[in-house]
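# sharing a sequence plus its predicted fold:
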Amino acid sequence: MATATGVHFMPALGLTLLLLVALLAREGTTLELPVQEKWTYWSNARLADFAQNMASMYPDYCRAYSIGKSVRGTDMWALTVSKQADGFPDPVNKVTPSSLSPSFLYIGGMHGNEPLGRQLMVYLAEELCSQAGLPSGAADPEIDSILSSGSVHLLFALNPDGFDLYRRENANKVDLNRNFPDPILRGGDLNRTGEEEPETVAIMDYAELLGSSLVGASELHEGALVVNYPFDGAASGARRRRVSNPSPDDKLYRYLAQRYIDVQPALVQGNAEFPTGKVQGSEWYPVYGGIQDYLYLRHSVYTTTIEMNKDKWPPESQLQQLWMQHRPSMYAFLKAYLCQGVTVQVDFPPGARKEDVVVSMLTPGMGRPTYLRGEDNVSHGVHYPVPAGTYSIGIDWGLGESKRSESLVATVESDKRTVLQVDARKVADSATTGKSGEKEKIAKLKMELE
């Protein structure tokens, strides 16, 4: 259990050090906080100061903002880190990031008495921001590749009130991970019920703001050591344990979970409850109203849950060891989602027909269809974080009798992202000249080593 000092006390020395770090950062120098400051559980106020100071220190690469307020009026701070100039959301003006580069979201502190994830995200943010600010060629190659490939969103504490109250639920005594519209209990209806808590509404709005750039998310929990993936609920709505209900993209989820596991031996060594280090949610125990199934089905965000430690609220003396344990895995996830896979870029140049477009992964178990609405002079991106291999992608243009279809083939190499570019105007011209009957086309490919 964390001490009262570790949770709620932020000494003046901490603020002074953060200002010193900011000054040195502007001079191209980095400075880490002293051990007694770093390896403690930070209060909500300190997290807010940290996020804003990171943004002040590295304004070109880090943006801090609140996604909303908790029941008790505490801001829920998030930080976006990227080298993509158009990869940042603007909550104030409701501007979404460009969908052409993928992004990933870590969610901490959904349960107030599980603070490990929110604290480990501080160390991740410190590394990402400081490395982003280094001169070209001086940054860690892995981090540079991640931030050059897309954006990393860090939501430190979804349930800040629960943290202050040292309990699982929010201030209204509601478990936030049972508060989302459930696709099973509501017959596929994912519309808001009006019973969502302020924190739930805030992250639902945040997911909409991030739009189709958001390809993956992971919520960080405690109470076990395992990577959990959809579906969380049993198809029958049963409440008993160990009922299998894999998602249509179970193959993709198993691959993504394995990316987290492969670089962390502790997830499998001596893990009697989960010897493989991963579990499909309902095979552990069914959960209804959770964020994982909601984000997956509502927004096609390939979401997982990381249970990071068997004990909840581990002692502060273990924070450094737990960071070193999970650090490789947290980076492995970012690489899997942002640096590798297929991006379908659908271009609507000036004069192109405005119409509905459906992008579908035709290779079974590797991704959901995405619906786009074409607009003049706009490009859309659809991302699939798939393993190395060859994939078929379907594009359907228009509806009814005017519908036109084509099939694309993409080859993905390890640690590379393949971009398929499709021009709406050229497709329309092809249909007019009678060339739409081709069953397969190889799209213009650009192999990008991020």
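That came through fine.
# wasn't Trp323 part of a strand?
No - membership of Trp323 in a strand is not supported by DSSP: H, G, I helix; E, B strand; the rest coil, which gives helix.
# quick one, helices of the stretch 201-350 of the chain?
Under the criterion DSSP state H, counting those that start in this stretch, helices of the stretch 201-350 of the chain are mapped to 250-262, 281-284, 291-299, 319-338.
# got a list of what Leu105 touches?
His153, Leu154, Leu155, Leu210, Leu214, Gly216, Ala217, Ser218, Val301 (C-beta atoms under 8 Å, 6 or more residues apart in numbering). All C-beta atoms are positioned from the backbone trio N, CA, C, and that covers glycine.
# residues near Leu100, how many?
Residues lying near Leu100 (other C-beta atoms under 10 Å) number 21.
# am I right that it is in contact with Val344?
No - Leu100 is beyond contact range of Val344, at 10.3 Å (criterion: C-beta atoms under 8 Å).
# okay, and the common contacts of those two?
Joint contacts of Leu100 and Val344 (C-beta under 8 Å, 6+ apart) are Gly381.
# can I get the helices of the stretch 201-350 of the chain in TSV with mean pLDDT?
Shown next, in TSV, are the helices of the stretch 201-350 of the chain (pLDDT from 0 to 100):
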stretch	mean pLDDT
helix 250-262	98
helix 281-284	96
helix 291-299	97
helix 319-338	98
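# tell me which of those lies nearest to Asp182.
Minimum separation from Asp182 across those (C-beta to C-beta) falls at helix 291-299, 7.2 Å.
# quick check: angle from the closest one to helix 250-262?
Here helix 291-299 runs at an angle of 130 degrees relative to helix 250-262 (axes from the mean of the first three to the mean of the last three C-alpha atoms, to 10 degrees).
# what pLDDT does Glu197 get?
Note on Glu197: pLDDT of 98.
# do the same with the one 4 residues further on
With respect to pLDDT, Val201 scores 98.
# distance of the closest residue to it other than its chain neighbours from Asn93?
Nearest residue to Val201, sequence neighbours excluded (C-beta to C-beta, 6 or more residues apart in numbering): Gly68, at 7.0 Å. Note on Gly68: its distance to Asn93, by C-beta to C-beta, to the nearest Å, is 16 Å.
# can you list the weak-confidence ranges in this protein?
For the chain, applying pLDDT under 70 flags the ranges 1-36, 352, 376, 399-401, 425-450.
# for Ala51, which non-adjacent residue is closest in space?
That would be Ala64: by C-beta to C-beta, 6+ apart, it lies 4.1 Å from Ala51.
# tell me if I'm right that the one you found and Ala78 touch.
Yes - under the criterion of C-beta under 8 Å, Ala64 makes contact with Ala78 at 7.3 Å.
# now do the shared contacts for those two.
In contact with both Ala64 and Ala78: Ala51, using C-beta under 8 Å, 6+ apart.
# the more surrounded of these two?
Ala78 (26 against 19).
# and the more buried one, how far is that from Leu128?
13 Å.
# wait, a helix at Val174?
No - Val174 is assigned coil when assessed by three-state DSSP, not a helix.
# now it. Nearest residue, chain neighbours left out?
Per C-beta to C-beta, 6+ apart, closest to Val174 is Glu197, 5.2 Å.
# what does Pro364 give?
Per C-beta to C-beta, 6+ apart, closest to Pro364 is Lys251, 7.4 Å.
# relative to Ile143, how far out is the one you found?
29 Å.
# those two: which is more packed in?
Ile143 (21 against 17).
# could you give the number of residues near the closest residue to Ser82 other than its chain neighbours?
Nearest residue to Ser82, sequence neighbours excluded (C-beta to C-beta, 6+ apart): Ser151, at 3.7 Å. Neighbour count of Ser151, defined by other C-beta under 10 Å: 27.
# also the one 4 residues further on?
The local packing of Leu155 (other C-beta under 10 Å) involves 24 other residues.
# and it, what is it in contact with?
Ile67, Met76, Trp77, Ala78, Leu105, Tyr106, Ile107, Gly108, Ile203, Tyr206.
# then Ala207?
Leu214, Leu295, Arg298, His299, Val301.
# ok, it to Ile393 distance?
24 Å.
# likewise for Asn172?
For Asn172 relative to Ile393 (C-beta to C-beta), the value is 44 Å.
# mind putting the helices of the stretch 201-350 of the chain in a markdown table, distance to Gln269 included?
Shown next, in a markdown table, are the helices of the stretch 201-350 of the chain (distance: least, C-beta to C-beta, whole Å):
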| stretch | distance to Gln269 |
| --- | --- |
| helix 250-262 | 11 |
| helix 281-284 | 20 |
| helix 291-299 | 26 |
| helix 319-338 | 11 |
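# inside strands: which ones of the contacts of Leu105?
Using DSSP state E, His153, Leu154, Leu155, Leu214, Gly216, Ala217, Ser218 are the members of these that sit in strands.
# tell me the one of these nearest Leu362?
Gly216 (20.8 Å).
# on that earlier part again, quick check: the residue nearest to Ala51 is in a strand.
Yes - assessed by three-state DSSP, Ala64 belongs to a strand.
# that one: what's it in contact with?
Contacts of Ala64 by C-beta under 8 Å, 6+ apart are Ala51, Gln52, Met54, Ala55, Trp77, Ala78, Leu79.
# stretch 63-77 spans what distance, first to last residue?
11 Å (C-alpha to C-alpha, to the nearest Å).
# likewise stretch 296-312?
Start-to-end, stretch 296-312 (C-alpha to C-alpha) is 26 Å.
# about what we covered before: Throw the contacts of Ala207 into JSON lines and include distance to Gly374, thanks.
Formatted as JSON lines, the contacts of Ala207 follow (distance: C-beta to C-beta, whole Å):
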{"residue": "Leu214", "distance to Gly374": "21"}
{"residue": "Leu295", "distance to Gly374": "25"}
{"residue": "Arg298", "distance to Gly374": "22"}
{"residue": "His299", "distance to Gly374": "20"}
{"residue": "Val301", "distance to Gly374": "22"}
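# which single one of those residues is nearest to Gly187?
Nearest member of the contacts of Ala207 to Gly187, counting by C-beta to C-beta, is Arg298, at 14.5 Å.
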